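Chemist: here is the input, now give the coordinates:
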Amino acid sequence: MKDAAVTLDGRSGILGSHLPFGDLRRGWNFRSLGHGDVPFEEIIRELNGAGYNGPLSVEWEDNGMDRERGAAESLEFVRSIDFAPASACFDRDMKT
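Modeler: Have a look, this model is predicted:
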C-alpha cells in the first residue's frame, strides 16, 4: 500500500523527475496513506474479488510528514479500509 498525490496545474508535469521528491513544484509526490489520490477502497474490492486474503504491506514515504506520525497513521488507515468480502450474494441469497 502506497499513496501519492497528483497535482497537474499546468505548470507541473507528471514526469517531474528533475525535481527532488517532496518539492511542491512536482506534478506528483508520495503521500502518507489516505492523504493522496489512490482509490484504496477500489483496490480492496479488487483484491477481495480475486480471492486475496494475504497481508497488506505499507511502503511509507512522505517528505512532508514526520515518519513516526505517518507510520502510525498509515497503520490505522489500512486497518480502517480493509474489509472482508461479502459472505452472501445479495440477489441469490436474500430471496424470501
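Chemist: so what does A5 have for phi and psi?
Modeler: phi -110, psi 130 (degrees, to the nearest 10).
Chemist: how about the longest helix that the chain contains, which residues are buried there?
Modeler: The helix that spans the most residues within the chain, counting by DSSP state H, is helix 67-81. Using 16 or more other CB atoms under 10 Å as the test for burial, helix 67-81 gives 70, 73-74, 77-78. The C-beta positions use only the backbone N, C-alpha and C, and glycine is treated the same way.
Chemist: can you put the residues you listed in a markdown table and add distance to F40 and pLDDT?
Modeler: Shown next, in a markdown table, are the buried residues of helix 67-81 (distance: CB to CB, whole Å; pLDDT from 0 to 100):
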| residue | distance to F40 | pLDDT |
| --- | --- | --- |
| G70 | 16 | 95 |
| E73 | 14 | 95 |
| S74 | 11 | 94 |
| F77 | 8 | 95 |
| V78 | 8 | 94 |
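Chemist: OK, contacts around G36?
Modeler: Contact partners of G36, counting by CB atoms under 8 Å, 6 or more residues apart in numbering, are 3-6, 30.
Chemist: do F40 as well
Modeler: F40 makes contacts with 1, 3, 33-34, 81, as judged by CB under 8 Å, 6+ apart.
Chemist: make it 10 Å
Modeler: Applying CB atoms under 10 Å, 6 or more residues apart in numbering, we find F40 in contact with 1, 3, 33-34, 56, 77-78, 80-82.
Chemist: how much space between it and L33?
Modeler: Distance of F40 to L33, given as CB to CB, to the nearest Å: 8 Å.
Chemist: cool, R92 as well?
Modeler: 35 Å.
Chemist: the more surrounded of these two?
Modeler: L33 (24 against 7; other CB atoms under 10 Å).
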